[in-house]
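[1] I would like to see how this sequence folds:
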Amino acid sequence: MKLGRGLCRIHVSAQRLLQGARNTGAERCGLLFGKLTNAAFQVSVALELDNRALQSDCFRMDPAEMAGHARRQRASGLDLLGAWHTHPKEDAGLSAHDRGGAPDGWLSLIVGSGGELRAFEHGATGDARELELDVDQAPRPQ
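    Modelled structure (predicted):
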């Protein structure tokens with residue numbers, strides 16, 4: 001896939017959940033749902049899932065739990081766009097683990113130790129492109 005999107009628009013309610021997830025010691029993680037256009041990821045829902053990783057500096061989500069959330073959100077008209085996680089002891093850049101674990105076209109939102117939030121779109125060969133972030137203040141459609 002050619003990395004072509006330049007923007008990640010995140011609804012303010014999802015942004016608040018992510019900003020509140022920092023500084024907890026172990027990584028926290030979850031899924032991102034919304035709509036995908038040619039120009040942007042439009043994140044309207046961020047859900048937190050249990051981190052099943054044994055180490056505190058990485059994350060792993062239960063595939064069955066992920067699939068259940070994806071089915072429910074798809075029934076509401078939203079697509080699974082990617083995942084979010086925290087880096088409680090470092091900045092919001094992509095680690096080697098982050099680069100190697102994401103499928104082509106996947107969105108990663110990372111919350112760093114200082115609360116900074118960064119967005120990345122992953123490519124097919126482990127490459128990734130940082131996206132501009134825009135916070136949508138409009139009421140979320142029901």
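[2] Distance of residue 71 relative to residue 46?
    Separation of residue 71 from residue 46 (Cβ to Cβ, to the nearest Å) stands at 17 Å. Where C-beta positions appear, they are placed from N, C-alpha and C, glycine not excepted.
[3] looking at it, residue 7 is touching residue 132, isn't it?
    Yes: counting by Cβ atoms under 8 Å, residue 132 is a contact partner of residue 7 at 5.1 Å.
[4] These two: which is more packed in?
    Taking neighbours as other Cβ atoms under 10 Å, residue 7 and residue 132 compare with residue 7 leading, 15 against 11.
[5] Name all residues that make contact with the nearest residue to the more buried one once chain neighbours are set aside.
    Among residues not flanking residue 7 along the chain, residue 40 sits closest, at 4.0 Å (Cβ to Cβ, 6 or more residues apart in numbering). Each residue near residue 40 by Cβ atoms under 8 Å, 6 or more residues apart in numbering is listed here: 5, 6, 7, 8, 9.
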